[in-house]
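Trainee: Coordinates for the following, if possible.
(one chain, ligands or ions: 2)
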Amino acid sequence: MDKNAQVKGMRFESLTFRGIRARPVVLKLERPVVARIATITDWPLILIDLYTDEGIVGRSYLEPYTTKSMKYLIPALQDFGEMLKGHPIRPFELYNLARKSLHFVGYQGMSMIAVAGLDMAAWDALAKAAGMPLCVLLGGSVGSVKAYNSNGLWLNAPEAVAAEALELREEGGFTGLKLRLGRDKMQDDLRTMEAVRNAVGDDMSLMTDFNQGLHLGEALQRCHAIDDLGLEWIEEPIVYDNLDGYAQLAAELKTPIQIGENFYGPRDLYTALQKKACDFVMPDFMRIGGVTGWLKAAAIAGTAGIPMSTHLYPEVAAHVMRVTDTAHWLEWQDWADPVLQKPYEVRNGRLHIPDVPGIGLDWDEGAVKANLANL
Ligand code: SMN
Ligand code: MG
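Mentor: Ligands and ions are numbered 1, 2, ... in the order given. The predicted structure is shown next:
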């Protein structure tokens, strides 16, 4: 098929914003999140369609963790829809306009999450209109990205977690898995790690994530206790904004400290690096500011020589990782797969970008209808 068929007779630079549809969906998680700070059985998604006068539809989704938050995020997206009507689809400009429109509300939190959803859909629309996969529009090439499987390994019993590790490895020939830590007793974490290591062998990269569950004293003790296990990284042992605490942990530990899923915008990444609060970074797309925020953040991490991994949103993540200087690991989670017409393919531990215009997100309307949330 002629990939440019849909853009014949149109200049992609003149694509025009018409409006936004944002729909709330809630999906049951196959393996519920059981973390130190929360249990999540139902996973909310906001599906965004960005309409243009030319008929191209840009798509993105947001994963805002709680169903209730969709009640206030969706109106913010609809407000952007009205405000930006008639504006050319130029993602950097839309990003700035949307950010500034919320200046008095504040730049972080919900404001940034709404802007990120808009931004990713705008980039998708532009790449579709250009007839190119997003990674190509950004100056890169279509290909695969090294990924670890983050679909499970929550705070369950050691034997159950070890058995699940084998299952997760087989979901795509993975060479990396993420294990959640922060059980009431440190010994139970240690037992679980031993069971997983015995099951998957020495060649598997093991990432660990405390989900901010420890105070600094506990973190010092628990991170030192696992510091000789050859882990890929220790993620978020303490509350995300205690950068002084992170600087102390990063200085004391041999294992790299990983943070970033709670950076709101590129400046948070810059501040963390200034404070030497971590060794690795892993921004989340809804908090860093979508593709535009990622590109700005990747320039900072790249300049500083800090390895950069992704958090959630594996489809858009794969595209930007192809143009990220210090690209490290992509976090694979298949949680949006049930509403996608064509979920991305994972093989040999790598996520494969489809050679189609845009990001490659099309909704399975039957599944969307069946899972629409009543807010
Ligand atoms: C995480 C992701 C999604 C829900 C809860 C926790 C986690 C991660 O912090 O890094 O995957
Ligand atoms: Mg995490």
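Trainee: what's Asp42 in contact with, if anything?
Mentor: Counting by C-beta atoms under 8 Å, 6 or more residues apart in numbering, Asp42 touches 26-29, 67. To be clear about C-beta, it is placed using only N, CA and C from the backbone, and glycine gets the same treatment.
Trainee: and it, which of the three is it?
Mentor: strand (DSSP: H, G, I helix; E, B strand; the rest coil).
Trainee: If it is in a bridge, with which residues?
Mentor: Counting by DSSP bridges, Asp42 forms beta bridges with Lys28.
Trainee: residues of the longest helix along the chain that come out buried?
Mentor: Using DSSP state H to define each element, the chain has its longest helix at helix 109-130. Going by neighbour count (16 or more other C-beta atoms under 10 Å), the buried part of helix 109-130 is 111-130.
Trainee: Also stretch 275-291?
Mentor: In stretch 275-291, counting by 16+ other C-beta under 10 Å, buried: 277-291.
Trainee: near ligand 2 at all, it?
Mentor: No. Using C-beta under 5 Å from the ion, stretch 275-291 stays clear of ligand 2, coming no nearer than 7.5 Å.
Trainee: Now do the contacts for the residue of the stretch 151-300 of the chain found nearest ligand 2.
Mentor: Closest contact between the stretch 151-300 of the chain and ligand 2, by C-beta to the ion, is at Asp209 (4.3 Å). The contact partners of Asp209, taken as C-beta under 8 Å, 6+ apart, are 35, 178-181, 235-236.
Trainee: which stretches of this protein form helices?
Mentor: Under DSSP H, the chain gives helices at 70-83, 91-101, 109-130, 134-137, 158-170, 186-200, 216-225, 243-252, 266-274, 285-288, 290-304, 314-321, 365-371.
Trainee: can you redo those helices as TSV with mean pLDDT and distance to Gly349?
Mentor: Below are the helices of the chain laid out as TSV (pLDDT from 0 to 100; distance: least, C-beta to C-beta, whole Å):
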stretch	mean pLDDT	distance to Gly349
helix 70-83	98	33
helix 91-101	98	31
helix 109-130	97	25
helix 134-137	98	19
helix 158-170	98	9
helix 186-200	98	13
helix 216-225	98	27
helix 243-252	98	27
helix 266-274	98	26
helix 285-288	98	22
helix 290-304	98	22
helix 314-321	98	13
helix 365-371	98	27
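Trainee: So for Phe12, which of the ones you listed sits nearest?
Mentor: For Phe12, the closest of the helices of the chain is helix 109-130, at 3.8 Å, according to C-beta to C-beta.
Trainee: What parts of the stretch 151-300 of the chain come near ligand 2?
Mentor: Near ligand 2, when you scan the stretch 151-300 of the chain using C-beta under 5 Å from the ion, you find 209, 235, 261.
Trainee: got the residues of the stretch 151-300 of the chain near ligand 1?
Mentor: Contact residues, the stretch 151-300 of the chain versus ligand 1 (C-beta under 6 Å from any ligand atom): 209, 211, 261.
Trainee: Report how many residues lie close to Gly302.
Mentor: By other C-beta atoms under 10 Å, the residues close to Gly302 number 15.
Trainee: Repeat that for Val105.
Mentor: Residues near Val105, counting by other C-beta under 10 Å: 12.
Trainee: you'd agree it is up against Met112?
Mentor: No. Using C-beta atoms under 8 Å, Val105 is not in contact with Met112; the gap is 10.4 Å.
Trainee: Show the contacting residues for Leu312.
Mentor: Per C-beta under 8 Å, 6+ apart, neighbours of Leu312: 63, 261, 284-286, 331, 333, 335.
Trainee: Do you know the pLDDT at it?
Mentor: Among the per-residue scores, Leu312 shows a pLDDT of 98.
Trainee: Now for the residue nearest to Tyr72 when sequence neighbours are not counted: which residues touch it?
Mentor: Distances taken as C-beta to C-beta, 6 or more residues apart in numbering place Met110 nearest to Tyr72, at 6.3 Å, with adjacent residues excluded. When contacts are counted by C-beta under 8 Å, 6+ apart, Met110 touches 69, 72-73, 76.
Trainee: Going through those, which ones are buried?
Mentor: 69, 73, 76.
Trainee: Once you drop chain neighbours, what's closest to the last one?
Mentor: Among residues not flanking Ala76 along the chain, Ala114 sits closest, at 3.9 Å (C-beta to C-beta, 6+ apart).
Trainee: Let me see the contact set for the one you found.
Mentor: Here Ala114 is in contact with 73, 76-77, 80, 98, 102 (C-beta under 8 Å, 6+ apart).
Trainee: Looking at those residues, spot the one nearest Ile257.
Mentor: For the contacts of Ala114, the nearest to Ile257 is Leu73 (30.3 Å; C-beta to C-beta).
Trainee: Go ahead and confirm Glu164 touches Arg31.
Mentor: Yes. Glu164 lies in contact with Arg31 (C-beta under 8 Å); the separation is 7.3 Å.
Trainee: any common contacting residues for those two?
Mentor: What both Glu164 and Arg31 touch, as defined by C-beta under 8 Å, 6+ apart, is the set Gly152.
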